[in-house]
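Q: Structure here, sequence nowhere to be found:
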């Protein structure tokens, strides 16, 4: 359609070759002419238009060519998908909060169990204990101190609130501990303890010391029998000996809701 | 040469600016681009034939674009926009191919 009117007869090329090639190569040579500038302007417009059209199609090619029912269908599908995904989000949030609270509960339970285990371990003598307390040393030069006297002392310490008691850094005194007279000393839980007897007790220092020293108390009693008692108040006492618990042979945990009458 | 540079400048400007096509232009732009392509190939054929004229080229370029736009507009008004656009694209495609064939014959004598 362009150039239906022959106007510009090109000069014949110097070589007797195809004049079409000559014209083409001359057009692609760098020179300024009205034809070149017009072509440049129009081709720039064409390139620009083609580029932005391609870009526009690339951005929304799915919707540009869709008609109304298709768009409505797409919108409907998207809304359904949105609802489904929102429901899924809700479920996942629920699961997440369940898991988080479950983890919290588990952690709290573990912490409580640990602190209980520590408390019980100190009470049962299965864990080393440390803290303020007193050190009671009973010197017995005349073999006058008997097991019952030592037991009495231990009872007095317990009355005064001793939380952990140890004899001669060797035997932990627990609920089931027993004290017997033995050859050359006393037997505590089957272990022979020779005098002097050293009893460590963890508790409130002042109370324990006062309980030992009250008139008619342990100090008085041992002194009457011919022994000698030294009470040392210590800010820190370490009790390292452990009691090895044996499983009870007869006692069983009772069901919590069982009555007291059987 | 300058014309080729113009083409590249247009493409690069389009890529850099990335303008969005105005809504009223959206139905016409694709057909207009194809019509302009047809004009460009016609011009190329005229160039190879040695009968290129810049005035004719400009007029045919603009005329092609306008006619394409009018046809699309008319088709939209008549309710046959899609079919008419297809028809225009087919016709222009055939013209581009025939121009290309003429150029090839001129250049390669084949």
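A: In hand now; what should we look at? Here the structure is a predicted model, which means the values were calculated and not measured.

Q: Whether the host helix or strand of residue B:62 contacts chain A - can you check?
A: When elements are assigned from DSSP states H and E, residue B:62 belongs to helix B:54-78. Yes. Looking at helix B:54-78 against chain A by CB under 8 Å from any CB of the partner chain, the contacts come from B:54-58, B:60-61, B:64. C-beta here means a position set from N, CA and C on the backbone, and glycine is covered the same way.

Q: Past that helix, which element shows up next along the chain?
A: Using DSSP H and E, the helix or strand that directly follows helix B:54-78 along the chain is helix B:81-108.

Q: Please state the offset of whichever strand or helix holds residue A:120 from the chain centre?
A: Assignment of secondary structure by DSSP H and E places residue A:120 within helix A:68-124. Centroid separation between helix A:68-124 and its chain, computed with CA atoms, centre = their mean, to the nearest Å, is 18 Å.

Q: so what does that helix touch, helix or strand wise?
A: helix A:34-64 (3 or more CB pairs under 8 Å, 6 or more residues apart in numbering or on different chains; DSSP states H and E).

Q: just how off-centre is the helix it packs on within its chain?
A: Centroid separation between helix A:34-64 and its chain, computed with CA atoms, centre = their mean, is 62 Å.

Q: which parts of that helix are buried?
A: By neighbour count, and taking 16 or more other CB atoms under 10 Å in any protein chain shown as the criterion, the buried residues in helix A:34-64 are A:35-36, A:38-56.

Q: relative to helix A:34-64, how tilted is the helix holding residue A:120?
A: When axes from the mean of the first three to the mean of the last three CA atoms, to 10 degrees is applied, the directions of helix A:68-124 and helix A:34-64 differ by 60 degrees.

Q: Spell out the residue ranges of the helices in the stretch 101-250 of chain A.
A: Using DSSP state H, counting those that start in this stretch, the helices found in the stretch 101-250 of chain A span residues A:147-159, A:205-213, A:218-225.

Q: could those be laid out in a markdown table, adding mean pLDDT and distance to residue B:99?
A: Listed next are the helices of the stretch 101-250 of chain A as a markdown table, based on pLDDT from 0 to 100; distance: least, CB to CB, whole Å:
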| stretch | mean pLDDT | distance to residue B:99 |
| --- | --- | --- |
| helix A:147-159 | 86 | 115 |
| helix A:205-213 | 86 | 112 |
| helix A:218-225 | 83 | 125 |
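
Q: of all those, which lies closest to chain B?
A: Closest to chain B of the helices of the stretch 101-250 of chain A is helix A:205-213 (CB to the nearest CB; 83.9 Å).

Q: which other residues reach the closest one?
A: A:132-134, A:136, A:153, A:156-157, A:159-162, A:201, A:217-219, A:229, A:231, A:233-235 (CB atoms under 8 Å, 6 or more residues apart in numbering or on different chains).

Q: Show the pLDDT at residue B:46.
A: pLDDT for residue B:46: 90.

Q: ok, how many other residues are close to it?
A: 27 (other CB atoms under 10 Å in any protein chain shown).

Q: what residues are up against residue A:233?
A: A:134, A:205-206, A:209.

Q: ok, what's across the strand from it?
A: For residue A:233, the beta-bridge partners are residue A:134 (DSSP bridges).

Q: Check whether the worst-scoring helix or strand of chain B on mean pLDDT comes near chain A.
A: Every helix and strand of chain B was ranked by mean pLDDT, DSSP states H and E. The lowest is helix B:2-17, at a mean of 87. Yes. Contact of helix B:2-17 with chain A (CB under 8 Å from any CB) involves B:2-11, B:13-15.

Q: Give me the residues contacting that helix.
A: Defining contact as CB under 8 Å, 6+ apart, one finds that helix B:2-17 is touched by A:27-28, A:30-32, A:36-37, A:39-52, A:55.

Q: circling back to that earlier point, near chain B, from the buried residues of helix A:34-64?
A: Filtered for proximity to chain B (CB under 8 Å from any CB), these shrink to A:35-36, A:38-53, A:55-56.
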